[in-house]
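Only the shape, not the letters, is given here:
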C-alpha cells in the first residue's frame, strides 16, 4: 500500500504555486498524519530491514539476498536483462554488463517493466556530470524508503521529526522571496538567489527568532551564505548554535568543510547519494571514510577495462545496483563518479561494511590543458588556497576548447581589479607553463540547475 506522499507527488508543482499561507494551512494538516499513512507500508518495512541488519551477524548474506532478488527480478521482467541467466552469487553479477545514462536514454523502454509502468513516478537528474537523465522510481516504495532511511540516518546525530531546520538551498522561493517558513518539515528556508549585505540583515534577524536546531543545505549554497554572513558579522561567530549541519546532494570540498566547522562550531554531516536512489554512503566523523549501507543498495568499483576492483587505494568508477525498484531496476549502473576503497576492514566507529576512503568526484571534473593533460578541480582550485578565493562568493568554470577556460566569479564587495590580475596569474602558473589561458569574468549571478544546485564546472570537451 502506497502512502499519501506518492498520491500527492504529481500535484507538487500546483502545491508550490499556492500562496504561502494556503500551503502552510495544508502543511499543518499533513503534519498530523502518522508516517505509516504519510509514506505507506514500505516506510515501516524498510525501518524493520535496518533493524534486522543491525542486529544480525550475517549482513553480507542478507545484502546478497537483496541483490540476487532484485537482479533476478530484472532478468525475468525487464527486456534488456532477459538475455541473461539468473545469478546465484555476487561473483556472477559481473556477467551482466555495466550500463550508463547514455545507454538507457537511447532506448528507455528496454529498461522499464511495462506491466508495472502505472506504478512509475517520473524523476530526473541533471547530474554533476552535466548529462540529463530521466528515469522511473516506484510509487509506494522509493520515496517511502528515502524518508525512512534519512529519518534513521539523521536520527544518529540527534535529529527528531519536527525539529527546527534552517534550510539553505540555491532554489528561488515564491515571489523571489529571501526566505519563507514552511510548516511541512518545520523549516525556515533561505534562498541564495538574492543574498547580499542588504538582504542579510533581515534574514539573519529571522534566523535568530526561528532558533534552528539543525541546518540542511547544499554545500555551495551554505558557502555563499557563510561568506556573506562572515562579512556582515565582521568575522565574529554567529549568535545561533545548531546541533549538526547536514550537507548533501553535492560534493563537499575539504577546504569548505573546514570553514563551516570553524565558523559554526558544529558537527558537519555529509553523505554520498544520488537521485537514482541506488546506493547511500555516510561520511564517518572518525575516519573520514564513506560507509555504504548494505541494506540500501550494492556498489562495485570498476577499472577502465571494465574489471572489478577489490583492493584499496585503486581509483575506479562507482557502479551501483539498487534493491527496491521493480518498475525500472537499474543493474550495474555507472554513476559517473570515481572512488577509492578504504584500507580499513573495520572502522573506529565499528562499521564493518564496504567503505570508500575518498570519492574523487565526477568523471568530467577535470580541466584540459593545451597538451591534453587533465587537471582535477581539487588540484586546480580547491587545493591552492589562493587568498583571492576568500573574496569570492561563487565560482564557475566553463571550458569549450583545450587550454582555455572561462572563469565566472560572483565577487564579494572587496574584490578589486588587482585581485583579477593576481588570480589569473596564479592559476595559469599553477599548471604547465603556457598550457592554460584563464579568462576571468565578474558576474552578478551564476545560474543554478532546476533543482537549485550549483554546477562548478561546465565541461564541453569530450574525453
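That came in fine, so what should we check first? These numbers come from a predicted model, not from an experiment. Numbers count the residues shown, from 1 in each chain.

what's residue 442 sitting at in phi/psi?
phi -90, psi 130 (degrees, to the nearest 10).

Based on its surroundings, how many neighbours for it?
For residue 442, the count of nearby residues is 14 (other Cβ atoms under 10 Å). Using the backbone N, CA and C atoms, a C-beta is placed for each residue, glycine as well.

In this model residue 415 seems to touch it, though I could be wrong.
Yes - Residue 442 lies in contact with residue 415 (Cβ atoms under 8 Å); the separation is 7.4 Å.

joint contacts of these two?
Listed contacts common to residue 442 and residue 415 are residue 409; contacts here mean Cβ atoms under 8 Å, 6 or more residues apart in numbering.

For residue 337, report the pLDDT, please.
Note for residue 337: predicted pLDDT of 88.

can you check residue 47 too?
So, for residue 47, pLDDT stands at 93.

quick one: it and residue 401, what's the gap?
Distance of residue 47 to residue 401, computed by Cβ to Cβ, to the nearest Å: 52 Å.

With residue 411 instead?
Applying Cβ to Cβ, the value for residue 411 to residue 401 is 26 Å.

and the two? which has more neighbours close in?
Taking neighbours as other Cβ under 10 Å, residue 411 and residue 401 compare with residue 411 leading, 18 against 11.

Next one, pLDDT for that one please.
At residue 411, pLDDT is 87.

Dihedrals phi and psi, it?
phi -80, psi 160.

Check the contact between it and residue 393; I expect there is one.
Yes - Residue 411 is within contact range of residue 393, at 6.8 Å (criterion: Cβ under 8 Å).

how about the helices in the stretch 151-300 of the chain?
197-210, 219-232, 254-264 (DSSP state H, counting those that start in this stretch).

looking at those helices, which is closest to residue 124?
helix 219-232 (20.0 Å; Cβ to Cβ).

for the closest one, what is the average pLDDT?
Mean per-residue pLDDT for helix 219-232: 88.

shaky segments in the stretch 251-400 of the chain?
The model of the stretch 251-400 of the chain has pLDDT under 70 over residues 361-365, 376, 378-379, 382-386, 390.

hmm, 90 instead?
Applying pLDDT under 90 to the stretch 251-400 of the chain flags the ranges 251-256, 273-275, 304, 336-338, 344-346, 350, 352-353, 358-369, 371-395.

Just to check, residue 293 is in contact with residue 355?
No - applying Cβ under 8 Å, one finds residue 293 not in contact with residue 355, separated by 10.7 Å.

Please identify every residue contacting each of these two.
residue 281.

more neighbours, those two?
The residue with more neighbours, out of residue 293 and residue 355, is residue 355; 25 against 21, by other Cβ under 10 Å.

Who does the more buried one form a beta bridge with?
residue 291 (DSSP bridges).

Which residues are in contact with it?
281, 284, 287, 289-292, 341-342, 344, 347.

if we go to 6 Å?
Residue 355 sits next to 289, 291, 342 when contact means Cβ atoms under 6 Å, 6 or more residues apart in numbering.

Output the longest helix belonging to the protein.
helix 59-77 (DSSP state H).

pLDDT wise, what is residue 142 at?
94.

Please determine how far it is located from residue 340.
From residue 142 to residue 340 the distance is 29 Å (Cβ to Cβ).

Which of the two has more residues huddled nearby?
Comparing residue 142 with residue 340 by neighbour count (other Cβ under 10 Å), the higher total belongs to residue 142, at 23 against 17.

ok, and the closest non-adjacent residue to that one?
residue 277 (5.5 Å; Cβ to Cβ, 6 or more residues apart in numbering).

Tally up the residues packed near residue 204, please.
19.

got it, and residue 356?
24.

what ranges of the stretch 1-150 of the chain fall below the confidence cut-off?
Looking at the stretch 1-150 of the chain by pLDDT under 90, you get 1-40, 55-61, 101-102, 105-106, 121-134.

Which residue ranges of it form strands?
120-125, 133-138 (DSSP state E, counting those that start in this stretch).

What strands flank the last one, and is each parallel or antiparallel?
Pointing back at strand 133-138 there. Partners of strand 133-138 in its sheet, by DSSP bridges: strand 120-125 (antiparallel).

in the strand it pairs with, what's buried?
The neighbour-count criterion (16 or more other Cβ atoms under 10 Å) identifies 120-121, 123, 125 as the buried residues of strand 120-125.

gap between that strand and the chain center?
Offset of strand 120-125 from its chain centre (Cα atoms, centre = their mean, to the nearest Å): 16 Å.

Please enumerate residues in contact with that strand?
By Cβ under 6 Å, 6+ apart, strand 120-125 touches 9, 133-137, 139, 275, 327.

can you rerun that using 8 Å?
Applying Cβ under 8 Å, 6+ apart, the contact partners of strand 120-125 are 6, 9-10, 112, 132-139, 142-143, 274-276, 327-328, 451.

hmm, back to that, which one of the contacts of residue 355 sits closest to residue 95?
Set against residue 95, the nearest of those by Cβ to Cβ is residue 342 (27.1 Å).

That closest one against residue 314, yeah?
No - counting by Cβ under 8 Å, residue 342 stays clear of residue 314, with 11.7 Å between them.

Looking at those two, which one has more neighbours?
Taking residue 342 and residue 314 together and counting by other Cβ under 10 Å, residue 342 has the greater number of neighbours (21 against 12).

ok now do that one, which residues does it touch?
287, 289, 312, 355-357.

try 10 Å this time
284, 287-291, 312-313, 351, 354-358 (Cβ atoms under 10 Å, 6 or more residues apart in numbering).

Switch these over to a markdown table; also include distance to residue 252.
Shown next, in a markdown table, are the contacts of residue 342 (distance: Cβ to Cβ, whole Å):
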| residue | distance to residue 252 |
| --- | --- |
| 284 | 14 |
| 287 | 16 |
| 288 | 11 |
| 289 | 14 |
| 290 | 11 |
| 291 | 16 |
| 312 | 22 |
| 313 | 22 |
| 351 | 19 |
| 354 | 20 |
| 355 | 17 |
| 356 | 14 |
| 357 | 15 |
| 358 | 12 |
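
Widest-spaced pair of those?
313 and 351 (18.9 Å).

of those two, who's got more company?
Under the neighbour definition other Cβ under 10 Å, residue 313 and residue 351 were set side by side, and residue 351 has more, 19 against 11.

wait, what's in contact with the nearest residue to that one once chain neighbours are set aside?
Closest residue to residue 351 apart from its sequence neighbours, by Cβ to Cβ, 6+ apart: residue 291 at 4.6 Å. Under the criterion of Cβ under 10 Å, 6+ apart, the contact list for residue 291 reads 271-272, 280-284, 342, 347, 349, 351-356.

tell me what the longest helix of the chain is packed against?
The contact analysis (3 or more Cβ pairs under 10 Å, 6 or more residues apart in numbering; DSSP states H and E) places helix 59-77 against helix 41-54, strand 297-302, strand 315-322.

No further queries at this time; thank you.
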